[in-house]
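Student: What follows is a predicted protein model with its sequence.
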2 protein chains.
Amino acid sequence: MTHPQPIGILGGMGPQAGIDLVSKITAETQATRDQDHLPVILVSKPEIPDRTAWLADPSAPDPAPVIAEGFVALERVGAGVVAMACNTAHTPAIFDRVQLQLMHAGARIRILHLIGETVAGLQAAYPDIRTVGILGTHGTLSSGLYHQALERRGLSVLAPKDTNRLSKAIYDPETGIKAHSSPVTTAARSQVQEAVSELAKRGAEAVILGCTELPLAVPETCLGGVPLIDPARMLARALIRAVDPARLRTLP
Amino acid sequence: MTHPQPIGILGGMGPQAGIDLVSKITAETQATRDQDHLPVILVSKPEIPDRTAWLADPSAPDPAPVIAEGFVALERVGAGVVAMACNTAHTPAIFDRVQLQLMHAGARIRILHLIGETVAGLQAAYPDIRTVGILGTHGTLSSGLYHQALERRGLSVLAPKDTNRLSKAIYDPETGIKAHSSPVTTAARSQVQEAVSELAKRGAEAVILGCTELPLAVPETCLGGVPLIDPARMLARALIRAVDPARLRTLP
């Protein structure tokens, strides 16, 4: 077989989330031997400044130029279609400036949008769902990123009332997923499970795990009868579809 | 903090083994937030021809030029120290020709050697050990790759008498690790445990899991008092040590 242009992944936001996206591309590829897989390049740049910190305080280090640099590096090694696994980096205040900088740099790569691909994938898989719950960092939730994308497609959105529990699950230096991702602590897993169950009780028919750390804590595709939507998996499938649709594994 | 040159990983041999090596770099780094991690670039080239097939029949497609191309791509995006996770690609018939081609291409990257770093790491961690057991595919064992590296450092080597049990644990289409890696079947896990215990009974003071699938079946660092050596983990630690030793997580 001939191999398409490599898929480019910009990682480091956090490092494990980028690795996880590459791993999901492998898992979602129809393959029985090494040579059936698609070429992928991962540029993991943990030096990209914290996205949530910059959104809260624009005098903090700006992630956008470092993200744009990463995409330029991916294009230089031959990537055609690229993506990044960080939800917060897709807020317009960051994402639109990355695209502008890439345009100025004359880059010709195509960026697949994590949130856009997630909502499109959710509707394709569950066309009857009307109310969707969303979990994520304080930055992602308050940016309204998923809210807007879901409402634009006619869906109702529920977010957790208590965002502190979720921040703890992600960021706590002792028990949080960013500090301990392999394995995730039982404390972090319980905090995420409780957040899913709160949304389900309020009427969510599916819950989007809108922070790349969350599926590490709840890798299940369903919890208490509620489908869990992993944006990275949706993005992995969209990337495969973009470069070589014949290689996309059919859903069970 | 300032960030060092990225670590470069050449993956695709197989795709999951390359991803696992990047994941182990993250796991072995002392970090509590994204920005504490090291920059890494993974070039996953599954189009690299099968190494075992070429060793068996030199008229089959040659992996060496494609491996060399991958390292050149890694250098072009800024990697200084590079490595690959495939045992078979380190046989001199392949590895020496890769190095020659890189020299001719004027490449200045430094390749850390999977087997060399495993044996060096083993001796540093367990300086009193004299007899080492080795498990792996029939190809790796019969190549003598680990045997030579261990004996060169004055260590005695024990290999399993029955390599069929191990082949079954790795390759069996019903119960083997290649077919079922998450989770591994209890049959495959028992077969690997028995192989470790056979070597321990014959006098092995440590056992090298010389095939990237084996640590998936026995993720323990010690089994029945015998340390299990995971080459990918040793390589991950050697890579961190090479670029920023202060970031290396201390062993428990």
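Tutor: Arrived safely.

Student: Which helix or which strand is home to A:Ala120?
Tutor: Using DSSP states H and E, A:Ala120 maps to helix A:114-125.

Student: can you tell me the average pLDDT over whichever helix or strand comes after that helix?
Tutor: Per DSSP H and E, the first helix or strand lying C-terminal to helix A:114-125 is strand A:131-135. Averaged across strand A:131-135, the pLDDT comes to 97.

Student: Same check on stretch A:83-102?
Tutor: Stretch A:83-102 shows a mean pLDDT of 94.

Student: got it, and stretch A:180-193?
Tutor: Here stretch A:180-193 scores 90 as its mean pLDDT.

Student: Could you give me the buried positions within it?
Tutor: Buried positions in stretch A:180-193, judged by neighbour count with 16 or more other CB atoms under 10 Å in any protein chain shown: A:180-181, A:184-185, A:188-189, A:191-193. Where C-beta positions appear, they are placed from N, C-alpha and C, glycine not excepted.

Student: Tell me the one among those nearest to chain B.
Tutor: Using CB to the nearest CB, A:Ser181 is the member of the buried residues of stretch A:180-193 that lies nearest chain B, at 7.8 Å.

Student: what about dumping the CA coordinates of the helix or strand in which A:Lys24 is found to CSV?
Tutor: Per DSSP H and E: A:Lys24 is located in helix A:15-27. Provided in CSV are the C-alpha atoms of helix A:15-27 (Å, rounded to 0.1, in the frame of the first residue of the first chain):
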residue,chain,number,x,y,z
PRO,A,15,1.9,15.5,27.5
GLN,A,16,-0.2,12.4,28.3
ALA,A,17,-3.2,13.8,26.4
GLY,A,18,-1.2,14.2,23.2
ILE,A,19,0.2,10.6,23.5
ASP,A,20,-3.4,9.4,24.2
LEU,A,21,-4.6,11.0,20.9
VAL,A,22,-1.9,9.3,18.9
SER,A,23,-2.8,6.0,20.7
LYS,A,24,-6.4,6.5,19.7
ILE,A,25,-5.5,7.0,16.1
THR,A,26,-3.7,3.6,16.2
ALA,A,27,-6.7,2.0,18.0
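
Student: Buried residues in it, which are they?
Tutor: A:15-26.

Student: what does stretch A:189-205 give?
Tutor: So for stretch A:189-205, counting by 16+ other CB under 10 Å, buried means A:189, A:191-193, A:195-196, A:198-200, A:204-205.

Student: which regions of the stretch 1-150 of chain A lie under the pLDDT threshold?
Tutor: A:1-2 (pLDDT under 70).

Student: Run through the buried residues of helix A:15-27 and flag the ones next to chain B.
Tutor: A:15-16, A:19, A:22-23, A:26 (CB under 8 Å from any CB of the partner chain).

Student: would you turn these into TSV with distance to B:Gly139?
Tutor: Listed next are those as TSV, based on distance: CB to CB, whole Å:
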residue	distance to B:Gly139
A:Pro15	32
A:Gln16	32
A:Ile19	28
A:Val22	26
A:Ser23	25
A:Thr26	23
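
Student: show me where the stretch 151-252 of chain A has helices.
Tutor: Secondary structure of the stretch 151-252 of chain A (DSSP state H, counting those that start in this stretch): helices at A:163-171, A:186-201, A:214-217, A:231-243.

Student: Of those, which is nearest chain B?
Tutor: Going by CB to the nearest CB, the one of the helices of the stretch 151-252 of chain A nearest chain B is helix A:163-171, 8.3 Å.

Student: what is the mean pLDDT for the closest one?
Tutor: Regarding helix A:163-171, the rounded mean pLDDT is 89.

Student: from the middle of its chain, how far away would that helix be?
Tutor: Remark: helix A:163-171 is offset 17 Å from the chain centroid, using CA atoms, centre = their mean, to the nearest Å.

Student: Just the buried positions in that helix, please.
Tutor: Using 16+ other CB under 10 Å as the test for burial, helix A:163-171 gives A:163, A:166-167, A:169-171.

Student: cool, and stretch A:236-247?
Tutor: In terms of neighbour count (16+ other CB under 10 Å), stretch A:236-247 has its buried residues at A:236-244, A:247.

Student: Just name the closest of those residues to A:Asp128, please.
Tutor: Closest approach to A:Asp128 among the buried residues of stretch A:236-247 (CB to CB): A:Arg237, at 20.3 Å.

Student: In contact with the closest residue to A:Ala17 other than its chain neighbours, which residues are there?
Tutor: With sequence-adjacent residues excluded and distances taken as CB to CB, 6 or more residues apart in numbering or on different chains, A:Ala17 is closest to A:Thr212, at 3.4 Å. Contacts for A:Thr212 (CB atoms under 8 Å, 6 or more residues apart in numbering or on different chains) come out as A:13-14, A:17, A:20-21, A:85-87, A:231-232.

Student: same check, this time on A:Thr52
Tutor: Counting by CB under 8 Å, 6+ apart, A:Thr52 touches A:88, A:137-139.

Student: one more time with 10 Å, if that's ok
Tutor: For A:Thr52, the contacting residues are A:60, A:63, A:86-89, A:91, A:137-140, A:142-143, A:167, A:170-171, A:211, by CB atoms under 10 Å, 6 or more residues apart in numbering or on different chains.

Student: Please apply the same query to A:Gly78.
Tutor: So A:Gly78 contacts A:5-6, A:8, A:39, A:41, B:43, B:73, B:76 (CB under 10 Å, 6+ apart).

Student: Surely A:Ala242 touches A:Gly8?
Tutor: No. Contact criterion CB atoms under 10 Å: A:Ala242 and A:Gly8 do not qualify, at 11.3 Å.

Student: rewinding a little: which one of the contacts of A:Gly78 is nearest B:Leu122?
Tutor: B:Val43 (28.0 Å).

Student: Can you pull the residues of the stretch 51-200 of chain A lying near chain B?
Tutor: A:51, A:61, A:70, A:73-74, A:76-78, A:86, A:171, A:173-174, A:176, A:178-182 (CB under 10 Å from any CB of the partner chain).

Student: again, only using 8 Å
Tutor: Near chain B, when you scan the stretch 51-200 of chain A using CB under 8 Å from any CB, you find A:73, A:76-78, A:173, A:178-179, A:181-182.

Student: And the furthest pair within the residues you listed?
Tutor: The largest separation in those, counting by CB to CB, is between A:Gly78 and A:Pro173 at 38.4 Å.

Student: Enumerate every residue touching A:Leu239.
Tutor: Per CB under 8 Å, 6+ apart, neighbours of A:Leu239: A:7, A:25, A:81, A:83, A:112.

Student: should've said A:Lys24
Tutor: A:230, A:232-233, A:235-236.

Student: still on that earlier bit, from the buried residues of stretch A:180-193, which is closest to B:Leu150?
Tutor: For the buried residues of stretch A:180-193, the nearest to B:Leu150 is A:Ser181 (33.4 Å; CB to CB).
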